[in-house]
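Participant: Fold the following.
(chains A and B)
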Amino acid sequence: MPSADFEPVIGLEVHAQLLTRTKIFCGCPTRFGAPPNTQVCMVCLGLPGALPALNRAAVEMAIKAGKAFGCRIAERSIWARKNYFYPDLPKGYQISQYELPICSGGAVPVPGLGRIALERIHLEEDAGKNVHTANGSEVDLNRSGVPLIEIVGKPELRSAEDASEYLKSLRLTLIYLGINDGNLEEGSFRCDANVSVRRKGESKLGTRVELKNINSFRFVRQAIEFEIGRQVGVIEGSGKVVQETRLFDNEKGVTRSMRSKEEANDYRYFPEPDLPPLRVSKEWLQSVTIPRLPQDFADELTAAGVSQADARTIVSDPRLVDAHRRVGGDPKRAALFVVGELARAVNDKEADLDALAFDPALVREVWKLQDGGAISSTAAKEVLAELIRTGAAPQKIVERKGLSQVSDAFELEAVVDAVIARNPAEVEKYKGGKANLLGFFVGQAMKDLKGKGNPGALNALFKKKLGGF
Amino acid sequence: MKPELLPLSQAADAIASGAVSPEALLEASLARIRALDGRLHAFLRLTENEARTAAKAATQRRASGKSLGPLDGVPVALKDIFCLEGVETTCGSKILRGYAPPYDATVVRRLKQAGAVIVGKLNMDEFAMGSSTENSAFGPTRNPWDLTRTPGGSSGGSATAVAARLVPGALGTDTGGSIRQPAALVGCAGLKPTYGRVSRFGVIAFASSLDQVGPFAQDVRGVAHLLTAIAGHDPNDQTSSSRPVPDYAAGLDQGVRGLRIGVPREYFGEGLAPEVEKAVRAGIERLRAAGGEVREISLPNSPHAIATYYIVATAEASSNLARYDGVRYGHRAKASQLLEMYEKTRAEGFGAEVKRRIMLGTYVLSAGYYDAYYLRAQKVRALIRRDFDHAFASVDAIVSPTSPTTAFKLGEKMDDPLAMYLSDVYTVPANLAGLPGISVPCGFDSKGLPVGLQLIGKPFDEETLLRIAHAAEPSEHRLSPLAEGR
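Facilitator: Next up is the predicted model:
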């Protein structure tokens, strides 16, 4: 843990693959998982003479991100070449944006943290992938030229936990926008963290270290926490933090030096002469619309009386929002179903949400049975749990599981009379003022009814027969 | 005259009239290449089989009256910078030896669609870097007027093939003068179109903001036919223009009466060989005599053009040539480590001039030097462009020498890169400004070597440029003794 005298300063850089059908500068498909080097052409292989041709769909997705985070979207932005040698980079440079990116400014709203400001969002192409095998290193260029946006956050985060929350909010918004699938493991959503520490009250930033290879939310927290501790240790030991890039080792939970500032690449950025400046006209900008975002849905749910926590659970997955909408009826009741049944089933790994083919009409039928007293609230939960797995009709589930409850007044009255007749002593005590014996009578009746009595109706009957309080 | 000795436009007429068949013309062309190219070394390789198939198809089209246009059945050859599907394309470099691209450059596709018969690939300075074709990894090309001299470069093979009448037409590329300067030094016509007029897709890049594809032919009409075939927008090259493409040969005979032709005083100063100046001034007088209004103008920033060019061009080249790393295609050196593989591959694969330019370009883009070199060069480039804008407010075209000297000796400038660079002093400004430029023959020096006259036009006004060039070119094109068979 960092010493109390220190304050961490964290900024995240996120690379998000855009869900375009084809690559950013050629017509090759972007599908993940195809056999190596089968989704390539002269452009994304960097063959001599090939030139990039911009995919407008990628630009539109970047505009969506810019609109969602309230960025300024440049009427004119510039492509730039970032030059470095690596086998997975077929041209020896990456086409990116440098001095004039498509989006600048803006902020990511993070529940509990407020708005975390963004530096910029720019478009670029992804590199291929080096695959290291026993026979040596191989290069797969299927990913080469897949469109990316890089979302650069300002160093406004102050803990590993905040960084993780920021990342979750950012990821969720991209998913809602339909521009990224948010998959950290497969690398379609990647995060680098810039971490420094300074003494509290200090306004100058400490020396910054860039962390790479963080491919899960847990690792984001682990890596940053380790790094904060390491840097504080260095300073407290009278050492100096070195500006460098460090790799997170997720097996050992530590960061390791990858290259120092001196060894850092000089990327020799310069404007890409093969592409004219990217122009986004007012008309184009206006024609790109964004869907409702997580915050919009959360606000609507809480306004309808759903708890903050439940609202947050529902918006954490657009499919849950969709389920909530489809169930309809009372929003609070629908929220309880979505959080209590759907989200729980998914969380418990009992089922995948996509496999839960429930029919909203059947859910409402269960509610009707419960409201009519045919089943208890406990039984209703059981029926719903079964319903979302099998899609069976509620009445059938109730019958098969024997969950229907006795609400018939004559049948209940006979049982109530029998209980009163069998327990004269308790009846006396009750009448003498021991009101809490009511529970005892209801319990006895329930026993006779094998648990299927309607507890509300029984309560009322006993009160009526024994004189209410 | 034998049909294979005719300039392109007349060869096209001879095919159209049935005087010669595409197949016969191809065989005559191949026979000349066999007879002469051992001495000239214009060609790196022939594509005889594909050419014969294409010529046969063209002959059948001509016979059935279904001609594809003036180029249908006309033999042409390509600088080895153009990707030709399935055929080795080296760009004059060892690093690409054995590399056969899987696709045709857009201009190649367009030539094929126009029925042109592609005969083979032509020699060039490695990656188009040079002004003498001596930087070819496969040996120099020789000037048909004097085999001890260079034909200029980098498109020396293209210029030589046309001037020696091995083929009626050829394509080259021009980044700083690589079409116009060799055209001048061998005595044929060579056009660098406006930047964006012709697609660069499939053309191996040297300096992307300066490179432009253009045609060679003996006469301006041939150049116009080739330009009409290759020009136009290409969705694969987003720097290509979508302006409509006229028939560039249509208005050639309209003359120059009333056209204003500017003579930039900065292009007639120190370094210009007196005999070249004399021939060029004679050419200008012919334009005046034909009704052109000749006036002196100034392009004050042109003295900075060479320095600016060698920053912009090398910067872009250092990046464009990064892909030759031995990983995917071309030469790969034996090595046990990645860095060693990169270093050895590039050390073995590139020649001295290419290495020099990669180092220059890497330097001017480096952190701490970018502002002083690259950024500053871009500013000067804007000033040079503005000079032309000012000039074109009062003239329709600009006339100058193409090259300060006639053809120089093989080896003469190989140890003095700066002297070699100055060979392009009059051609480089048009590249920096993106303007069209053409060189046409305008006379000979006392050694009997051709002199070229350069015309620079307004952006996308190749029609006016070609019209003036046609008025300036001689009515009869003299053949070199070697081409005549003497």
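Participant: now what about stretch A:204-223, what contacts it?
Facilitator: Residues from elsewhere that reach stretch A:204-223 (Cβ atoms under 8 Å, 6 or more residues apart in numbering or on different chains): A:9, A:155, A:160-161, A:163-164, A:167-168, A:184-185, A:187, A:190-198, A:224, A:227, A:231, A:235, A:240-248, A:250, A:253, A:255, A:258. For glycine as for every other residue, the C-beta is placed from the backbone atoms N, C-alpha and C.
Participant: Drop anything exposed from those.
Facilitator: A:9, A:155, A:160, A:163-164, A:167-168, A:184, A:190-198, A:224, A:227, A:231, A:235, A:241, A:244-248, A:255 (16 or more other Cβ atoms under 10 Å in any protein chain shown).
Participant: In helices, which of those fall?
Facilitator: If you go by DSSP state H, the buried ones among the contacts of stretch A:204-223 have A:Ala160, A:Ala163, A:Ser164, A:Leu167, A:Lys168, A:Ile224, A:Glu227, A:Gln231, A:Ile235 in helices.
Participant: list the contacts for the first one?
Facilitator: Same thing as A:Ala160. A:Pro8, A:Ile10, A:Val220, A:Arg221, A:Gln222, A:Ile224, A:Glu225, A:Ile228.
Participant: make it 10 Å
Facilitator: A:2, A:8, A:10, A:193, A:195, A:220-228 (Cβ atoms under 10 Å, 6 or more residues apart in numbering or on different chains).
Participant: What pLDDT does the model give the nearest residue to it once chain neighbours are set aside?
Facilitator: Leaving aside its chain neighbours, A:Ala160 sits nearest to A:Ile224 (3.8 Å; criterion: Cβ to Cβ, 6 or more residues apart in numbering or on different chains). Model confidence at A:Ile224, expressed as pLDDT, equals 97.
Participant: A:Cys41 now?
Facilitator: 98.
Participant: can you pull the contacts of whichever residue of the stretch 1-150 of chain B sits closest to chain A?
Facilitator: Ranking the residues of the stretch 1-150 of chain B by distance to chain A (Cβ to the nearest Cβ) places B:Cys83 first, at 4.6 Å. By Cβ under 10 Å, 6+ apart, the residues touching B:Cys83 are A:42, A:47-50, B:89, B:91, B:99-108, B:201-204.
Participant: of these, buried ones?
Facilitator: Buried among the contacts of B:Cys83 (16+ other Cβ under 10 Å): A:42, A:47-50, B:89, B:91, B:99, B:101, B:103-108, B:201-204.
Participant: Distance-wise, check the closest residue to chain B within the stretch 301-450 of chain A relative to A:Gly182.
Facilitator: Closest residue of the stretch 301-450 of chain A to chain B, Cβ to the nearest Cβ: A:Pro318 (35.4 Å). Separation of A:Pro318 from A:Gly182 (Cβ to Cβ, to the nearest Å): 10 Å.
Participant: who touches both of those two?
Facilitator: With Cβ under 10 Å, 6+ apart as the test, A:Pro318 and A:Gly182 both reach A:Leu172, A:Ile175, A:Tyr176.
Participant: out of those residues, who's nearest B:Thr133?
Facilitator: A:Ile175 (57.7 Å; Cβ to Cβ).
Participant: ok, the closest residue to the closest one other than its chain neighbours - contacts?
Facilitator: Once flanking residues are discounted, A:Ile175 sits nearest to A:Gly182: 4.8 Å by Cβ to Cβ, 6+ apart. By Cβ under 10 Å, 6+ apart, the contact list for A:Gly182 reads A:Ala16, A:Gln17, A:Lys168, A:Leu170, A:Arg171, A:Leu172, A:Thr173, A:Leu174, A:Ile175, A:Tyr176, A:Ser188, A:Phe189.
Participant: Among the residues you listed, which ones are in helices?
Facilitator: Among the contacts of A:Gly182, DSSP H puts A:Lys168, A:Leu170, A:Arg171, A:Leu172, A:Thr173, A:Leu174, A:Ile175, A:Tyr176 in helices.
Participant: Please pick the buried ones from those residues.
Facilitator: A:Lys168, A:Leu170, A:Arg171, A:Leu172, A:Thr173, A:Leu174, A:Ile175, A:Tyr176.
Participant: how would you label the residue nearest to the second one when sequence neighbours are not counted: helix, strand or coil?
Facilitator: Distance criterion Cβ to Cβ, 6+ apart; nearest residue to A:Leu170, sequence neighbours excluded, is A:Val108 at 5.1 Å. In three-state terms, and counting by DSSP: H, G, I helix; E, B strand; the rest coil, A:Val108 is strand.
Participant: what's around A:Val108, how many residues?
Facilitator: 24 (other Cβ atoms under 10 Å in any protein chain shown).
Participant: What of A:Arg312?
Facilitator: 17.
Participant: do A:Asp88 as well
Facilitator: Neighbours of A:Asp88 (other Cβ under 10 Å): 17.
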